[in-house]
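1. A structural model of the following input is requested.
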Amino acid sequence: MAETKTLLINQSSIKALVDITDFNDIVHQTFQGLGDGTIINPTKLTLDLGETGGYPHYEGFMNAMPAYIGWQDIAGLKWVGGFLGERKAAGLPYIIGMILLINPHLGTFTAALEGAYITNMRTGAQTANALRYLHKKPTVSIGLYGAGMQASTNIRAIADLFDITELIVWNHKRSTAEAFAEKMQEHVKGAIRIVDDPREASQAEVLITVTPAQTPLIKAEWINKGTLIFPLGSFQEIEDELILKADKIIVDHVEQALHRGALKKLTGEGKLSEKDVFATLGELAIGKKDAGDLSQGITICIPIGTGAMDVAIAGEVYRRALEKGRGYAFDFEV
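-> This next block holds a predicted model:
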């Protein structure tokens, strides 16, 4: 008789079973799967619960993100979102999520995992792996816009693969940036500098934006050739002019990246299309394409986030949980 029990795995168990190096390794393997076609990853579907100001007015959203992972032979769905409003007033974290795994042979639900921690950690690992493919040096200087959770996971993941020689932090609230800098010092080999002028942070080799800003923070005129920019926010943190003057645009998922975040507006206006995307991170991960020398141009890289990352990490957590006897087995079909 087929096993029908579902393993429930909470955040504390996930933290005990995988570390930042695991996240980087699994994300790398997942980019390779996206590149060679052994992963199926449909475009995410968004349920707007007032995030953009409309009905219902809950200041939130939820994304449904399914995927099949060939190298693990599992399938799953991440149901994840972010809420301000009442959730923020209750003192709860912005991101909330759950990941459901199934056995693709039988369709049985094998696991249900807390999803916010995996979301935050894999977001950082995506940037770190993109740098693995694009930044050909062991050291890197970073200009960081934002000082929240995903700023933290980006720095932790990058520090696992590179020596950070300088970190320049701009945040709309300086006290938050100062607290962030204190926590990040153990991960940064060089100095951490907090700036009040966002232009100062733009002079680093790599720029990362992780803010909720809905108007551009980074101006095209600030950017030097050789700069690699990661606009990771959900809206638009860089000027349209900067996108249009970029020498290379690299994304994780073409359809998603063109219709969400930094590229959404220009795509809607017909000024940007699939032909303007130089490569996907999956193509770079398997060597199908090479980004070449980026020192004489401006490169924009947008790993907007795929369900495949979450499902793959959840799959490895599930495997280890079974080995180590963690989680709670529950039979939903009784």
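2. show me where pLDDT drops low in the stretch 1-150 of the chain?
-> 1-3 (pLDDT under 70).
3. quick one, strands of it?
-> Assigned by DSSP state E, counting those that start in this stretch, the strands in the stretch 1-150 of the chain fall at 6-9, 39-40, 45-49, 60-69, 74-83, 95-102, 109-114, 139-145.
4. list the helices and strands the shortest one packs on?
-> I take that to be strand 39-40. Judged by 3 or more CB pairs under 8 Å, 6 or more residues apart in numbering; DSSP states H and E, the packing partners of strand 39-40 are strand 60-69. From N, CA and C alone the C-beta is placed, and that goes for glycine too.
5. so which residues make contact with the strand it packs on?
-> Here strand 60-69 makes contact (CB atoms under 8 Å, 6 or more residues apart in numbering) with 30, 33, 39-42, 44-51, 74-85, 87, 104, 305-308, 310-312, 315.
6. ok, 6 Å please
-> The contact list for strand 60-69, computed with CB atoms under 6 Å, 6 or more residues apart in numbering, reads 39-42, 44-49, 51, 75, 77-81, 83, 307-308, 311-312, 315.
7. got a PyMOL select line for the buried ones in the residues you listed?
-> Buried members of these, defined by 16 or more other CB atoms under 10 Å, are picked up in PyMOL with:
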select buried, resi 39+41+42+44+49+51+75+77+78+79+80+81+83+307+308+311+312+315
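8. mind checking the strands of the stretch 1-150 of the chain for the one nearest to residue 284?
-> Nearest to residue 284 among those is strand 39-40 (15.2 Å), distances taken as CB to CB.
9. so how far is the closest one from its chain's centroid?
-> Mean-position distance between strand 39-40 and its chain equals 18 Å (CA atoms, centre = their mean, to the nearest Å).
10. what lines up beside it in the sheet?
-> According to DSSP bridges, strand 39-40 forms sheet pairs with strand 60-69 (antiparallel).
11. okay, buried residues for the strand it pairs with please.
-> The neighbour-count check on strand 60-69 (16+ other CB under 10 Å) flags 60-63, 65-69 as buried.
12. and those, which is closest to residue 333?
-> For the buried residues of strand 60-69, the nearest to residue 333 is residue 66 (21.4 Å; CB to CB).
13. beta partners for the closest one?
-> According to DSSP bridges, beta-bridge pairing links residue 66 with residue 77.
14. first vs last residue of stretch 84-104, how far apart are they?
-> From its first residue to its last, stretch 84-104 covers 35 Å (CA to CA, to the nearest Å).
15. contacts for that stretch?
-> Counting by CB under 6 Å, 6+ apart, 58-59, 74-80, 82, 109-113, 115-116, 119, 310, 314, 318 sit against stretch 84-104.
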